[in-house]
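Colleague: coords below, sequence missing:
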């Protein structure tokens, strides 16, 4: 158990809908990272937040957005969902804002299925 | 563009049969190379961080090494519980995001 929690574990929805994935980092970690893992793309970095502020952006679609709240939990919002958005979404956390130089600890993931 | 290539894509070993997984990378200056283990349907589990060529780290039956162009994950006398996907990731000198390889799927049979 990494100490990172994600909810829900599974999510099934329809095309065009909007969903929110939630992540709570390990106690004491200030950075939160979101990743998407699909069979054809592998593990892809989406976005990083540090202490409530956006720090780094990857190939995140404009339909996707994220935020980190004062209690440090983070939410990833996916809207206008398409079939291709079906994937595993992971949250990771680390202590400082130094990007990947700190060890990132991953949560168990949310499996999103878009029908 | 930073790139990570892992080989082989899949590897089947008998219990006790030692082998190595390869991770070759192209980055504009390496700040760190990371190895993770991922079980099906679960999040990646951190194994090692390597920072400079010549560095080696060990944990139980696993040993990671780093050169200027690639990293190896050596598995000595593997057991069935070592079966998993092993992911390699790099952090470039001027970047702040991890770039992952596609992974090597390891199956160890008893």
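Modeller: Received it, and whenever you're ready, just let me know what you need. All values reported here derive from a predicted model rather than from experimental measurement. Numbers count the residues shown, from 1 in each chain, chains lettered A, B, ... in the order given.

Colleague: kindly indicate whether whatever residue of chain B ends up closest to chain A is helix, strand or coil.
Modeller: Proximity of chain B to chain A (Cβ to the nearest Cβ) peaks at residue B:96, 3.1 Å away. For the C-beta atoms, the positions are set from N, CA and C on the backbone; glycine is no exception. Classification of residue B:96 by DSSP: H, G, I helix; E, B strand; the rest coil places it in coil.

Colleague: show the pLDDT at it.
Modeller: In this model, residue B:96 is scored at 70, pLDDT.

Colleague: go ahead and confirm residue B:7 touches residue B:22.
Modeller: Yes. If you go by Cβ atoms under 8 Å, residue B:7 and residue B:22 touch, sitting 4.8 Å apart.

Colleague: pull the distance from stretch A:36-45 to the chain's centre.
Modeller: Relative to the centre of its chain, stretch A:36-45 is centred 12 Å away, using Cα atoms, centre = their mean, to the nearest Å.

Colleague: that stretch near chain B at all?
Modeller: Yes. Judged by Cβ under 8 Å from any Cβ of the partner chain, stretch A:36-45 comes into contact with chain B at A:42, A:43, A:44, A:45.

Colleague: where is pLDDT lowest across these?
Modeller: For the residues of stretch A:36-45 next to chain B, the least confident entry is residue A:42, with 85.

Colleague: element containing the closest residue to that one other than its chain neighbours?
Modeller: Closest residue in space to residue A:42, ignoring its immediate chain neighbours: residue B:102 at 4.8 Å, by Cβ to Cβ, 6 or more residues apart in numbering or on different chains. Using DSSP states H and E, residue B:102 is not contained in any helix or strand.

Colleague: who's in contact with residue B:102?
Modeller: A:42, B:5, B:6, B:9 (Cβ atoms under 8 Å, 6 or more residues apart in numbering or on different chains).

Colleague: wait, doesn't residue B:99 sit right on residue B:6?
Modeller: No. With contact defined as Cβ under 8 Å, residue B:99 and residue B:6 do not form a contacting pair (11.8 Å).

Colleague: for chain A, which segments count as strands?
Modeller: Secondary structure of chain A by DSSP state E: the strands cover A:5-7, A:10-13, A:19-24, A:31-38, A:42-50, A:53-57, A:64-68, A:74-78, A:87-94, A:105-106, A:110-114.

Colleague: buried residues in the last one?
Modeller: Taking 16 or more other Cβ atoms under 10 Å in any protein chain shown as the basis for neighbour counts, the residues of strand A:110-114 that come out buried are A:110, A:111, A:112, A:114.
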